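**Student:** give me a model of this one.
(chains A and B, ligands or ions: 2)
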Amino acid sequence: MQPVWDWFRWLYGATGINLTVFYDPFDRARFASGFVMTVELSAVCIVLSIVIGVLGAWIQGSRLRVARTVVHWYIQAFRNTPPLVQLYFFYFGLGGLLRGVGGSGPVVSNVTWAIVSLSFFAGAFNVEIFRSGIEAVPRTTVEAAESLGFSRMQTYLRIVFPLAFRISLPALNNNLVNLVKTTTLAYAIAVPEMLYVSSQVWSDELNVPEMMNVLLICYFLLVGILVYVMHRWERALRVPGFGI
Amino acid sequence: MPEATAEPIVVVDDVHQSFGEVEVLKGVSFTVAKGGVVCIIGPSGSGKSTLLRCINGLVPIQRGSIRVANFDVHMLGSDKEKIALRKEVSMVFQQYNLFPHKTALQNVMMAPMHVLKENPGEVRERAIALLTKVGLAAKQDAYPGELSGGQQQRVAIARSLAMRPEVMLFDEVTAALDPETVKEVLNTIRGLAQEGMTCILVTHEMRFAREIADEVHFTDGGRIVESGPPAELFDRPQMDRTRAFLSQVL
Ligand SMILES: Nc1ncnc2c1ncn2[C@@H]1O[C@H](COP(=O)(O)OP(=O)(O)OP(=O)(O)O)[C@@H](O)[C@H]1O
Ligand SMILES: [Mg+2]
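**Tutor:** Ligands and ions are numbered 1, 2, ... in the order given. Below is the predicted model:
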(Lines give C-alpha, C1' and ligand atoms only; values in the text may rest on other atoms or scores of the structure.)
(Ligands and ions follow the chains in the order given, each with its own letter.)
Protein backbone atom coordinates (compact mmCIF):
# COMPACT_ATOMS: atom_id res chain seq x y z
CA MET A 1 0.00 0.00 0.00
CA GLN A 2 2.94 2.34 0.54
CA PRO A 3 2.94 3.63 -3.08
CA VAL A 4 -0.70 4.61 -2.65
CA TRP A 5 -0.01 6.50 0.53
CA ASP A 6 2.96 8.18 -1.18
CA TRP A 7 0.77 9.18 -4.05
CA PHE A 8 -1.58 10.98 -1.66
CA ARG A 9 1.41 12.77 -0.15
CA TRP A 10 2.49 13.76 -3.64
CA LEU A 11 -1.10 14.89 -4.38
CA TYR A 12 -0.95 17.23 -1.43
CA GLY A 13 2.34 18.68 -2.58
CA ALA A 14 1.23 19.06 -6.15
CA THR A 15 -2.36 20.30 -5.74
CA GLY A 16 -2.88 21.23 -2.10
CA ILE A 17 -5.57 18.55 -1.66
CA ASN A 18 -4.70 17.39 1.82
CA LEU A 19 -5.90 13.86 2.52
CA THR A 20 -4.00 13.13 5.69
CA VAL A 21 -6.22 10.13 6.38
CA PHE A 22 -4.33 8.36 3.62
CA TYR A 23 -0.71 9.40 3.91
CA ASP A 24 -0.40 10.17 7.62
CA PRO A 25 -0.21 6.95 9.69
CA PHE A 26 -1.75 8.53 12.78
CA ASP A 27 -4.74 10.03 10.93
CA ARG A 28 -5.08 6.87 8.90
CA ALA A 29 -5.33 4.77 12.05
CA ARG A 30 -7.92 6.97 13.71
CA PHE A 31 -10.02 7.30 10.60
CA ALA A 32 -9.91 3.55 10.09
CA SER A 33 -11.01 2.97 13.67
CA GLY A 34 -13.91 5.40 13.10
CA PHE A 35 -14.88 3.55 9.97
CA VAL A 36 -14.84 0.24 11.83
CA MET A 37 -16.87 1.78 14.65
CA THR A 38 -19.53 2.94 12.19
CA VAL A 39 -19.70 -0.51 10.62
CA GLU A 40 -19.98 -2.19 14.01
CA LEU A 41 -22.54 0.28 15.27
CA SER A 42 -24.61 -0.23 12.13
CA ALA A 43 -24.38 -4.01 12.20
CA VAL A 44 -25.30 -4.35 15.86
CA CYS A 45 -28.16 -1.85 15.58
CA ILE A 46 -29.50 -3.54 12.43
CA VAL A 47 -29.65 -6.91 14.17
CA LEU A 48 -31.15 -5.53 17.40
CA SER A 49 -33.70 -3.36 15.59
CA ILE A 50 -34.87 -6.36 13.58
CA VAL A 51 -35.20 -8.42 16.74
CA ILE A 52 -37.17 -5.58 18.35
CA GLY A 53 -39.31 -5.29 15.25
CA VAL A 54 -40.14 -8.99 15.11
CA LEU A 55 -40.88 -9.22 18.82
CA GLY A 56 -42.93 -6.03 18.81
CA ALA A 57 -45.00 -7.10 15.83
CA TRP A 58 -45.57 -10.47 17.43
CA ILE A 59 -46.70 -8.86 20.69
CA GLN A 60 -49.04 -6.55 18.78
CA GLY A 61 -50.79 -9.60 17.43
CA SER A 62 -51.03 -11.25 20.83
CA ARG A 63 -54.03 -11.41 23.08
CA LEU A 64 -52.25 -9.62 25.92
CA ARG A 65 -53.80 -6.19 26.03
CA VAL A 66 -51.24 -4.70 28.40
CA ALA A 67 -48.34 -5.83 26.24
CA ARG A 68 -50.01 -4.43 23.15
CA THR A 69 -50.49 -1.07 24.84
CA VAL A 70 -46.86 -0.92 25.92
CA VAL A 71 -45.68 -1.61 22.36
CA HIS A 72 -48.12 0.94 21.01
CA TRP A 73 -46.78 3.71 23.23
CA TYR A 74 -43.20 2.67 22.57
CA ILE A 75 -43.81 3.17 18.87
CA GLN A 76 -45.53 6.50 19.39
CA ALA A 77 -42.69 7.76 21.60
CA PHE A 78 -39.92 6.79 19.22
CA ARG A 79 -41.61 7.69 15.98
CA ASN A 80 -42.76 11.11 17.09
CA THR A 81 -39.51 12.43 18.57
CA PRO A 82 -36.22 13.32 16.87
CA PRO A 83 -33.56 10.61 17.14
CA LEU A 84 -31.02 13.12 18.44
CA VAL A 85 -33.34 13.99 21.32
CA GLN A 86 -33.74 10.27 22.03
CA LEU A 87 -29.98 9.84 22.09
CA TYR A 88 -29.60 12.73 24.53
CA PHE A 89 -32.43 11.34 26.61
CA PHE A 90 -30.70 7.99 26.96
CA TYR A 91 -27.19 9.35 27.46
CA PHE A 92 -27.83 12.35 29.67
CA GLY A 93 -31.26 11.46 31.05
CA LEU A 94 -31.10 7.76 31.82
CA GLY A 95 -27.29 7.69 31.89
CA GLY A 96 -27.25 10.53 34.40
CA LEU A 97 -29.82 8.82 36.58
CA LEU A 98 -27.83 5.59 36.61
CA ARG A 99 -24.68 7.51 37.49
CA GLY A 100 -26.55 9.11 40.37
CA VAL A 101 -27.47 5.67 41.66
CA GLY A 102 -24.16 3.93 40.98
CA GLY A 103 -21.85 6.60 42.36
CA SER A 104 -19.04 8.00 40.22
CA GLY A 105 -18.06 6.99 36.68
CA PRO A 106 -20.47 6.04 33.91
CA VAL A 107 -22.16 2.67 34.40
CA VAL A 108 -23.02 2.37 30.75
CA SER A 109 -20.63 3.56 28.06
CA ASN A 110 -21.59 6.09 25.43
CA VAL A 111 -21.22 3.41 22.74
CA THR A 112 -23.73 1.21 24.55
CA TRP A 113 -26.16 4.11 24.88
CA ALA A 114 -25.83 4.82 21.18
CA ILE A 115 -26.58 1.18 20.39
CA VAL A 116 -29.57 1.10 22.71
CA SER A 117 -30.96 4.39 21.50
CA LEU A 118 -30.52 3.76 17.77
CA SER A 119 -31.83 0.19 18.00
CA PHE A 120 -34.99 1.34 19.71
CA PHE A 121 -35.35 4.18 17.23
CA ALA A 122 -35.10 1.92 14.17
CA GLY A 123 -36.91 -0.88 16.01
CA ALA A 124 -40.03 1.25 16.41
CA PHE A 125 -40.28 1.59 12.65
CA ASN A 126 -39.50 -2.09 12.18
CA VAL A 127 -42.42 -3.04 14.41
CA GLU A 128 -44.72 -1.05 12.16
CA ILE A 129 -43.13 -2.50 9.03
CA PHE A 130 -43.47 -6.10 10.20
CA ARG A 131 -46.94 -5.51 11.56
CA SER A 132 -48.23 -4.28 8.23
CA GLY A 133 -46.46 -7.24 6.63
CA ILE A 134 -48.32 -9.58 8.96
CA GLU A 135 -51.59 -7.83 8.22
CA ALA A 136 -50.98 -8.29 4.50
CA VAL A 137 -50.89 -12.07 4.88
CA PRO A 138 -54.34 -13.16 3.73
CA ARG A 139 -56.62 -14.19 6.57
CA THR A 140 -57.69 -17.16 4.44
CA THR A 141 -54.13 -18.51 4.24
CA VAL A 142 -53.98 -18.46 8.02
CA GLU A 143 -57.33 -20.21 8.16
CA ALA A 144 -56.07 -22.93 5.83
CA ALA A 145 -53.13 -23.57 8.15
CA GLU A 146 -55.46 -23.69 11.11
CA SER A 147 -57.77 -26.09 9.31
CA LEU A 148 -54.80 -28.38 8.64
CA GLY A 149 -54.20 -28.57 12.37
CA PHE A 150 -51.30 -26.16 12.76
CA SER A 151 -51.11 -24.64 16.22
CA ARG A 152 -51.07 -20.87 16.62
CA MET A 153 -47.31 -20.90 17.09
CA GLN A 154 -46.69 -23.18 14.11
CA THR A 155 -48.93 -21.05 11.94
CA TYR A 156 -46.99 -17.97 12.93
CA LEU A 157 -43.54 -19.47 12.49
CA ARG A 158 -44.12 -21.49 9.33
CA ILE A 159 -46.70 -19.47 7.43
CA VAL A 160 -47.35 -15.96 8.69
CA PHE A 161 -43.82 -14.87 9.48
CA PRO A 162 -42.12 -16.15 6.30
CA LEU A 163 -44.78 -14.44 4.17
CA ALA A 164 -44.87 -11.25 6.24
CA PHE A 165 -41.09 -11.00 6.11
CA ARG A 166 -41.06 -11.17 2.32
CA ILE A 167 -43.76 -8.52 2.13
CA SER A 168 -41.81 -6.34 4.57
CA LEU A 169 -38.38 -6.51 2.96
CA PRO A 170 -38.58 -3.42 0.70
CA ALA A 171 -39.77 -1.22 3.56
CA LEU A 172 -37.21 -2.81 5.85
CA ASN A 173 -34.46 -1.94 3.36
CA ASN A 174 -35.40 1.73 3.53
CA ASN A 175 -35.43 1.77 7.28
CA LEU A 176 -32.08 0.04 7.61
CA VAL A 177 -30.50 2.46 5.14
CA ASN A 178 -31.87 5.24 7.31
CA LEU A 179 -30.45 3.58 10.38
CA VAL A 180 -26.94 3.45 8.94
CA LYS A 181 -27.17 7.14 8.11
CA THR A 182 -28.52 7.93 11.56
CA THR A 183 -25.48 6.38 13.28
CA THR A 184 -23.76 9.71 12.57
CA LEU A 185 -25.84 11.17 15.42
CA ALA A 186 -23.70 9.20 17.87
CA TYR A 187 -21.21 12.00 17.14
CA ALA A 188 -23.22 14.09 19.58
CA ILE A 189 -22.31 11.90 22.55
CA ALA A 190 -18.68 11.51 21.47
CA VAL A 191 -18.91 7.97 20.14
CA PRO A 192 -15.74 7.72 18.01
CA GLU A 193 -17.50 6.77 14.80
CA MET A 194 -16.61 7.96 11.34
CA LEU A 195 -18.05 11.47 11.54
CA TYR A 196 -16.57 12.05 14.99
CA VAL A 197 -13.04 10.99 14.08
CA SER A 198 -13.30 13.00 10.88
CA SER A 199 -14.07 16.10 12.88
CA GLN A 200 -10.98 15.41 14.97
CA VAL A 201 -8.94 15.07 11.82
CA TRP A 202 -10.18 18.27 10.27
CA SER A 203 -9.73 20.32 13.41
CA ASP A 204 -6.12 19.13 13.61
CA GLU A 205 -5.32 19.37 9.90
CA LEU A 206 -7.72 22.11 8.82
CA ASN A 207 -8.78 20.09 5.77
CA VAL A 208 -12.53 20.37 6.13
CA PRO A 209 -13.48 20.27 2.43
CA GLU A 210 -11.34 17.21 1.81
CA MET A 211 -12.76 15.35 4.80
CA MET A 212 -16.31 16.17 3.77
CA ASN A 213 -15.70 14.48 0.46
CA VAL A 214 -14.07 11.49 2.10
CA LEU A 215 -17.07 11.16 4.44
CA LEU A 216 -19.57 11.45 1.64
CA ILE A 217 -17.86 8.76 -0.40
CA CYS A 218 -17.42 6.43 2.60
CA TYR A 219 -21.10 6.61 3.56
CA PHE A 220 -22.09 6.23 -0.05
CA LEU A 221 -20.06 3.02 -0.22
CA LEU A 222 -21.33 1.69 3.11
CA VAL A 223 -24.97 2.24 2.25
CA GLY A 224 -24.34 0.92 -1.24
CA ILE A 225 -23.02 -2.34 0.18
CA LEU A 226 -26.02 -2.64 2.50
CA VAL A 227 -28.47 -2.02 -0.34
CA TYR A 228 -26.67 -4.58 -2.50
CA VAL A 229 -26.77 -7.24 0.24
CA MET A 230 -30.45 -6.57 0.94
CA HIS A 231 -31.31 -6.85 -2.73
CA ARG A 232 -29.52 -10.16 -2.96
CA TRP A 233 -31.46 -11.34 0.06
CA GLU A 234 -34.73 -10.14 -1.42
CA ARG A 235 -33.97 -12.04 -4.59
CA ALA A 236 -32.99 -15.20 -2.72
CA LEU A 237 -36.29 -15.15 -0.85
CA ARG A 238 -38.37 -14.28 -3.87
CA VAL A 239 -41.15 -16.73 -4.60
CA PRO A 240 -42.70 -17.01 -8.07
CA GLY A 241 -46.07 -15.36 -8.25
CA PHE A 242 -45.92 -13.88 -4.78
CA GLY A 243 -45.47 -10.26 -3.86
CA ILE A 244 -43.20 -7.89 -5.69
CA MET B 1 -81.51 -46.61 0.81
CA PRO B 2 -78.25 -48.05 2.13
CA GLU B 3 -77.03 -44.66 3.42
CA ALA B 4 -79.82 -44.33 5.90
CA THR B 5 -78.86 -47.50 7.69
CA ALA B 6 -75.14 -46.77 7.74
CA GLU B 7 -73.71 -45.23 10.88
CA PRO B 8 -73.70 -41.42 10.53
CA ILE B 9 -70.20 -40.01 10.76
CA VAL B 10 -71.29 -36.37 10.92
CA VAL B 11 -74.20 -35.30 13.08
CA VAL B 12 -75.12 -31.63 13.04
CA ASP B 13 -77.90 -30.87 15.48
CA ASP B 14 -79.73 -27.56 15.91
CA VAL B 15 -76.61 -25.46 15.34
CA HIS B 16 -76.83 -21.75 16.05
CA GLN B 17 -73.96 -19.48 15.21
CA SER B 18 -73.63 -15.73 15.29
CA PHE B 19 -70.99 -13.13 14.64
CA GLY B 20 -71.78 -10.60 17.32
CA GLU B 21 -75.37 -9.47 16.83
CA VAL B 22 -75.87 -11.17 13.50
CA GLU B 23 -77.19 -14.70 13.74
CA VAL B 24 -75.81 -16.53 10.72
CA LEU B 25 -76.99 -20.07 11.45
CA LYS B 26 -80.42 -20.37 13.02
CA GLY B 27 -80.79 -24.01 13.91
CA VAL B 28 -79.26 -26.28 11.29
CA SER B 29 -79.55 -30.06 11.57
CA PHE B 30 -78.48 -32.86 9.27
CA THR B 31 -76.45 -36.04 9.27
CA VAL B 32 -74.02 -37.58 6.86
CA ALA B 33 -73.53 -41.32 6.63
CA LYS B 34 -70.04 -42.75 6.41
CA GLY B 35 -69.10 -42.72 2.75
CA GLY B 36 -72.02 -40.45 1.95
CA VAL B 37 -71.93 -37.37 -0.23
CA VAL B 38 -73.97 -34.39 0.82
CA CYS B 39 -74.33 -31.20 -1.20
CA ILE B 40 -75.35 -27.89 0.28
CA ILE B 41 -76.80 -25.31 -2.08
CA GLY B 42 -78.30 -21.94 -1.45
CA PRO B 43 -78.01 -18.21 -2.14
CA SER B 44 -74.97 -16.15 -1.21
CA GLY B 45 -74.85 -15.19 2.46
CA SER B 46 -77.10 -18.02 3.57
CA GLY B 47 -74.37 -19.34 5.87
CA LYS B 48 -72.96 -22.25 3.85
CA SER B 49 -69.31 -21.42 4.42
CA THR B 50 -69.98 -20.70 8.06
CA LEU B 51 -71.56 -24.11 8.44
CA LEU B 52 -68.49 -25.85 7.02
CA ARG B 53 -66.24 -23.76 9.23
CA CYS B 54 -68.24 -24.87 12.25
CA ILE B 55 -67.86 -28.51 11.29
CA ASN B 56 -64.11 -27.98 10.94
CA GLY B 57 -64.00 -26.31 14.35
CA LEU B 58 -62.72 -23.04 12.89
CA VAL B 59 -65.52 -20.99 14.41
CA PRO B 60 -67.31 -21.75 17.68
CA ILE B 61 -71.05 -22.27 17.81
CA GLN B 62 -73.41 -20.77 20.37
CA ARG B 63 -76.01 -23.52 20.59
CA GLY B 64 -76.60 -27.08 19.41
CA SER B 65 -74.03 -29.77 18.80
CA ILE B 66 -71.75 -31.06 16.08
CA ARG B 67 -70.35 -34.54 16.21
CA VAL B 68 -67.76 -35.80 13.75
CA ALA B 69 -66.52 -39.37 14.14
CA ASN B 70 -65.70 -39.51 17.85
CA PHE B 71 -65.36 -35.79 18.37
CA ASP B 72 -67.85 -33.41 19.88
CA VAL B 73 -66.68 -30.47 17.82
CA HIS B 74 -68.66 -27.90 19.79
CA MET B 75 -66.93 -28.92 23.02
CA LEU B 76 -63.32 -28.95 21.85
CA GLY B 77 -61.34 -26.59 23.99
CA SER B 78 -57.62 -27.14 23.78
CA ASP B 79 -55.49 -26.84 20.67
CA LYS B 80 -54.62 -30.49 21.01
CA GLU B 81 -58.24 -31.60 20.72
CA LYS B 82 -58.80 -29.36 17.73
CA ILE B 83 -55.74 -30.78 16.03
CA ALA B 84 -57.07 -34.28 16.67
CA LEU B 85 -60.36 -33.30 15.04
CA ARG B 86 -58.58 -31.83 12.03
CA LYS B 87 -56.97 -35.16 11.35
CA GLU B 88 -60.48 -36.45 10.72
CA VAL B 89 -61.97 -33.51 8.86
CA SER B 90 -60.15 -31.63 6.14
CA MET B 91 -61.37 -28.57 4.32
CA VAL B 92 -60.78 -27.27 0.79
CA PHE B 93 -61.42 -23.59 0.16
CA GLN B 94 -62.77 -21.56 -2.70
CA GLN B 95 -59.55 -19.54 -2.99
CA TYR B 96 -57.31 -22.64 -2.72
CA ASN B 97 -55.31 -20.93 0.06
CA LEU B 98 -52.09 -22.75 -0.74
CA PHE B 99 -48.98 -21.56 1.05
CA PRO B 100 -47.39 -19.36 -1.62
CA HIS B 101 -43.81 -19.76 -0.37
CA LYS B 102 -43.89 -23.55 -0.59
CA THR B 103 -43.80 -25.77 -3.63
CA ALA B 104 -46.73 -28.04 -4.47
CA LEU B 105 -44.97 -30.99 -2.86
CA GLN B 106 -44.06 -29.00 0.27
CA ASN B 107 -47.63 -27.79 0.55
CA VAL B 108 -48.83 -31.38 0.65
CA MET B 109 -46.08 -32.50 3.02
CA MET B 110 -46.24 -29.73 5.60
CA ALA B 111 -49.20 -30.75 7.73
CA PRO B 112 -48.36 -34.47 8.01
CA MET B 113 -44.78 -33.59 8.90
CA HIS B 114 -45.36 -30.79 11.38
CA VAL B 115 -48.81 -31.60 12.73
CA LEU B 116 -48.84 -35.40 12.64
CA LYS B 117 -45.03 -35.50 13.10
CA GLU B 118 -44.74 -38.34 10.65
CA ASN B 119 -41.53 -39.58 9.12
CA PRO B 120 -40.47 -37.19 6.29
CA GLY B 121 -39.53 -40.04 3.95
CA GLU B 122 -42.91 -41.70 4.22
CA VAL B 123 -44.74 -38.38 4.01
CA ARG B 124 -42.83 -37.54 0.86
CA GLU B 125 -43.77 -40.82 -0.77
CA ARG B 126 -47.40 -40.36 0.14
CA ALA B 127 -47.39 -36.75 -1.04
CA ILE B 128 -46.00 -37.75 -4.42
CA ALA B 129 -48.62 -40.49 -4.67
CA LEU B 130 -51.35 -37.95 -3.89
CA LEU B 131 -50.06 -35.47 -6.44
CA THR B 132 -50.00 -38.28 -8.97
CA LYS B 133 -53.57 -39.09 -8.07
CA VAL B 134 -54.72 -35.54 -8.77
CA GLY B 135 -52.68 -35.59 -11.97
CA LEU B 136 -49.96 -33.18 -10.92
CA ALA B 137 -46.90 -35.37 -10.36
CA ALA B 138 -45.04 -33.33 -12.95
CA LYS B 139 -45.71 -30.10 -11.07
CA GLN B 140 -44.43 -31.13 -7.67
CA ASP B 141 -41.67 -28.52 -7.62
CA ALA B 142 -43.80 -25.66 -8.91
CA TYR B 143 -44.84 -22.85 -6.60
CA PRO B 144 -48.55 -22.01 -6.35
CA GLY B 145 -47.89 -18.81 -8.30
CA GLU B 146 -46.73 -20.94 -11.21
CA LEU B 147 -49.88 -23.09 -11.30
CA SER B 148 -53.26 -22.46 -12.87
CA GLY B 149 -56.31 -22.10 -10.66
CA GLY B 150 -57.46 -25.64 -11.35
CA GLN B 151 -54.01 -27.02 -10.64
CA GLN B 152 -53.78 -25.07 -7.41
CA GLN B 153 -57.14 -26.38 -6.32
CA ARG B 154 -56.06 -29.95 -7.02
CA VAL B 155 -52.90 -29.41 -4.98
CA ALA B 156 -55.13 -28.09 -2.20
CA ILE B 157 -57.22 -31.27 -2.39
CA ALA B 158 -54.06 -33.38 -2.23
CA ARG B 159 -52.90 -31.31 0.74
CA SER B 160 -56.14 -32.06 2.57
CA LEU B 161 -56.01 -35.74 1.69
CA ALA B 162 -52.47 -35.99 3.05
CA MET B 163 -53.99 -35.75 6.53
CA ARG B 164 -55.90 -38.99 5.74
CA PRO B 165 -59.21 -37.49 6.82
CA GLU B 166 -62.45 -39.38 7.27
CA VAL B 167 -64.49 -36.44 6.03
CA MET B 168 -63.72 -33.87 3.36
CA LEU B 169 -65.36 -30.45 3.28
CA PHE B 170 -65.42 -28.56 -0.02
CA ASP B 171 -66.43 -24.91 0.03
CA GLU B 172 -67.34 -23.80 -3.50
CA VAL B 173 -64.05 -25.18 -4.70
CA THR B 174 -64.83 -24.51 -8.35
CA ALA B 175 -66.34 -21.04 -7.95
CA ALA B 176 -63.10 -19.24 -8.79
CA LEU B 177 -62.29 -21.42 -11.80
CA ASP B 178 -63.07 -21.00 -15.47
CA PRO B 179 -65.49 -23.54 -16.95
CA GLU B 180 -62.80 -25.70 -18.54
CA THR B 181 -60.77 -26.17 -15.40
CA VAL B 182 -63.87 -26.80 -13.32
CA LYS B 183 -64.06 -30.23 -14.92
CA GLU B 184 -60.62 -31.36 -13.80
CA VAL B 185 -61.39 -30.48 -10.19
CA LEU B 186 -64.83 -32.08 -10.28
CA ASN B 187 -63.30 -35.26 -11.70
CA THR B 188 -60.93 -35.38 -8.77
CA ILE B 189 -63.79 -35.02 -6.31
CA ARG B 190 -65.86 -37.61 -8.16
CA GLY B 191 -62.96 -40.06 -7.86
CA LEU B 192 -62.80 -39.47 -4.11
CA ALA B 193 -66.53 -39.96 -3.68
CA GLN B 194 -66.38 -43.20 -5.63
CA GLU B 195 -63.60 -44.44 -3.36
CA GLY B 196 -65.97 -43.99 -0.44
CA MET B 197 -64.73 -40.73 1.02
CA THR B 198 -67.37 -38.94 3.06
CA CYS B 199 -67.85 -35.54 1.41
CA ILE B 200 -69.77 -32.41 2.29
CA LEU B 201 -69.82 -30.03 -0.65
CA VAL B 202 -71.03 -26.48 -0.84
CA THR B 203 -71.48 -25.95 -4.54
CA HIS B 204 -73.13 -23.95 -7.28
CA GLU B 205 -72.55 -26.75 -9.78
CA MET B 206 -76.11 -28.07 -9.80
CA ARG B 207 -75.47 -30.67 -12.45
CA PHE B 208 -72.57 -32.06 -10.48
CA ALA B 209 -74.60 -32.03 -7.26
CA ARG B 210 -77.38 -33.95 -8.95
CA GLU B 211 -74.94 -36.53 -10.24
CA ILE B 212 -72.83 -37.07 -7.15
CA ALA B 213 -74.94 -36.31 -4.09
CA ASP B 214 -76.83 -38.81 -1.95
CA GLU B 215 -78.65 -35.91 -0.39
CA VAL B 216 -78.97 -32.21 -1.15
CA HIS B 217 -79.77 -29.49 1.39
CA PHE B 218 -81.09 -26.15 0.26
CA THR B 219 -80.19 -23.39 2.76
CA ASP B 220 -81.50 -19.88 3.00
CA GLY B 221 -81.19 -17.30 5.74
CA GLY B 222 -79.28 -19.60 8.09
CA ARG B 223 -81.75 -22.49 7.91
CA ILE B 224 -82.12 -25.65 5.86
CA VAL B 225 -85.27 -24.94 3.91
CA GLU B 226 -85.55 -28.24 2.14
CA SER B 227 -83.63 -31.51 1.92
CA GLY B 228 -83.88 -34.59 -0.22
CA PRO B 229 -82.25 -36.85 -2.74
CA PRO B 230 -81.15 -34.80 -5.74
CA ALA B 231 -83.73 -36.26 -8.09
CA GLU B 232 -86.53 -35.09 -5.82
CA LEU B 233 -85.12 -31.77 -4.70
CA PHE B 234 -84.17 -30.67 -8.19
CA ASP B 235 -87.18 -32.06 -10.05
CA ARG B 236 -89.96 -31.77 -7.50
CA PRO B 237 -89.04 -29.04 -5.01
CA GLN B 238 -91.75 -28.68 -2.39
CA MET B 239 -91.03 -25.20 -1.10
CA ASP B 240 -91.59 -21.95 -3.02
CA ARG B 241 -88.22 -20.62 -1.88
CA THR B 242 -86.43 -23.64 -3.31
CA ARG B 243 -88.33 -23.36 -6.57
CA ALA B 244 -87.46 -19.68 -6.86
CA PHE B 245 -83.78 -20.36 -6.24
CA LEU B 246 -83.60 -23.30 -8.62
CA SER B 247 -85.38 -21.42 -11.37
CA GLN B 248 -82.63 -18.82 -11.18
CA VAL B 249 -79.64 -21.13 -11.21
CA LEU B 250 -80.78 -24.00 -13.38
N1 LIG C 1 -66.18 -13.33 10.23
C2 LIG C 1 -67.42 -12.83 10.08
N3 LIG C 1 -67.83 -11.77 10.81
C4 LIG C 1 -69.06 -11.26 10.66
N5 LIG C 1 -69.97 -11.73 9.82
C6 LIG C 1 -69.65 -12.77 9.04
C7 LIG C 1 -68.35 -13.37 9.13
N8 LIG C 1 -68.31 -14.40 8.24
C9 LIG C 1 -69.51 -14.42 7.64
N10 LIG C 1 -70.32 -13.45 8.12
C11 LIG C 1 -71.71 -13.21 7.71
O12 LIG C 1 -72.38 -14.41 7.80
C13 LIG C 1 -73.30 -14.56 6.72
C14 LIG C 1 -73.10 -15.90 6.06
O15 LIG C 1 -71.80 -15.94 5.50
P16 LIG C 1 -71.26 -17.20 4.72
O17 LIG C 1 -69.89 -16.86 4.22
O18 LIG C 1 -71.38 -18.38 5.58
O19 LIG C 1 -72.28 -17.29 3.52
P20 LIG C 1 -72.25 -18.26 2.27
O21 LIG C 1 -73.55 -18.95 2.24
O22 LIG C 1 -71.03 -19.09 2.28
O23 LIG C 1 -72.20 -17.24 1.06
P24 LIG C 1 -71.41 -17.36 -0.32
O25 LIG C 1 -72.22 -18.20 -1.22
O26 LIG C 1 -71.35 -15.93 -0.80
O27 LIG C 1 -70.05 -17.92 -0.03
C28 LIG C 1 -73.08 -13.39 5.80
O29 LIG C 1 -74.14 -12.49 5.99
C30 LIG C 1 -71.80 -12.80 6.25
O31 LIG C 1 -71.82 -11.40 6.13
MG1 LIG D 1 -69.24 -19.18 1.10
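
**Student:** poorly predicted segments of the chain, please.
**Tutor:** With no chain named, the answer covers chain A. Filtered on pLDDT under 70, chain A yields the residue ranges A:100-106, A:243-244.

**Student:** my question was about chain B
**Tutor:** By pLDDT under 70, the low-scoring segments of chain B are B:1-6.

**Student:** get me the contact residues on it for ligand 1.
**Tutor:** Counting by Cβ under 6 Å from any ligand atom, chain B comes close to ligand 1 at B:19, B:22, B:24, B:44-50, B:172. C-beta here means a position set from N, CA and C on the backbone, and glycine is covered the same way.

**Student:** go with 8 Å
**Tutor:** Neighbours of ligand 1 within chain B, by Cβ under 8 Å from any ligand atom: B:19-20, B:22, B:24, B:42-51, B:53, B:59, B:94, B:171-172, B:175, B:202, B:204, B:219, B:222.

**Student:** where do the strands sit along chain B?
**Tutor:** Using DSSP state E, the strands of chain B run over B:8-19, B:22-33, B:37-41, B:63-68, B:71-72, B:89-92, B:167-171, B:198-202, B:215-220, B:223-228.

**Student:** residue B:108 contacts residue B:156, correct?
**Tutor:** No. With contact defined as Cβ atoms under 8 Å, residue B:108 and residue B:156 do not form a contacting pair (9.3 Å).

**Student:** for the residue nearest the centre of chain A, which non-adjacent residue is closest in space?
**Tutor:** Centroid-nearest residue in chain A: residue A:179, 3.6 Å away (criterion: Cα atoms, centre = their mean). Leaving aside its sequence neighbours, residue A:179 sits nearest to residue A:122 (Cβ to Cβ, 6 or more residues apart in numbering or on different chains; 4.2 Å).

**Student:** what is the burial count for that neighbour?
**Tutor:** Residues lying near residue A:122 (other Cβ atoms under 10 Å in any protein chain shown) number 27.

**Student:** which helix or strand contains it?
**Tutor:** Residue A:122 is part of helix A:110-136 when elements are defined by DSSP states H and E.

**Student:** ok now that helix, how far from the chain's centre?
**Tutor:** 9 Å (Cα atoms, centre = their mean, to the nearest Å).

**Student:** could you confirm the residue nearest to the centre of chain A falls within a helix?
**Tutor:** Yes. Counting by DSSP: H, G, I helix; E, B strand; the rest coil, residue A:179 is part of a helix.

**Student:** surely it meets residue A:44?
**Tutor:** No. Counting by Cβ under 8 Å, residue A:179 does not reach residue A:44; the two are 10.7 Å apart.

**Student:** ok, and the closest non-adjacent residue to the most centrally placed residue in chain B?
**Tutor:** The centroid of chain B falls nearest to residue B:169 when counting by Cα atoms, centre = their mean (1.4 Å). The shortest distance from residue B:169 to any non-neighbouring residue, by Cβ to Cβ, 6+ apart, is to residue B:91 (4.3 Å).

**Student:** same check, this time on residue B:196
**Tutor:** That would be residue B:35: by Cβ to Cβ, 6+ apart, it lies 4.5 Å from residue B:196.

**Student:** ok, residue B:56 next?
**Tutor:** Nearest residue to residue B:56 in three dimensions, chain neighbours excluded: residue B:91, at 4.8 Å (Cβ to Cβ, 6+ apart).

**Student:** and the one you found, how many neighbours?
**Tutor:** 28.

**Student:** what do you get for residue A:25?
**Tutor:** Using other Cβ under 10 Å, residue A:25 has 9 other residues around it.

**Student:** so which helix or strand takes in residue A:58?
**Tutor:** Assigned by DSSP H and E, residue A:58 belongs to helix A:25-60.

**Student:** residues of that helix that come out buried?
**Tutor:** A:27-28, A:30-31, A:34-35, A:37-39, A:41-42, A:44-46, A:48-50, A:52-54, A:56-60 (16 or more other Cβ atoms under 10 Å in any protein chain shown).

**Student:** tell me how far that helix is from the chain's mean position?
**Tutor:** That offset, for helix A:25-60, works out to 5 Å (Cα atoms, centre = their mean).

**Student:** so what does it touch, helix or strand wise?
**Tutor:** Packing partners of helix A:25-60 (3 or more Cβ pairs under 8 Å, 6 or more residues apart in numbering or on different chains; DSSP states H and E): helix A:20-23, helix A:65-79, helix A:110-136, helix A:161-182, helix A:194-205, helix A:208-237.

**Student:** for residue B:85, see how far away the single nearest residue of chain A relative to ligand 1 is.
**Tutor:** Nearest to ligand 1, among the residues of chain A, is residue A:139, at 8.9 Å (Cβ to the nearest ligand atom). Distance of residue A:139 to residue B:85, computed by Cβ to Cβ, to the nearest Å: 21 Å.

**Student:** who has more neighbours, these two?
**Tutor:** Between residue A:139 and residue B:85, counting by other Cβ under 10 Å, residue B:85 is the more crowded of the two (22 against 9).

**Student:** distance check, the residue lying closest to that one once chain neighbours are set aside against chain A.
**Tutor:** Spatially, and ignoring its direct neighbours in sequence, residue B:85 is nearest to residue B:71 (4.7 Å; Cβ to Cβ, 6+ apart). Separation of residue B:71 from chain A (Cβ to the nearest Cβ, to the nearest Å) stands at 13 Å.
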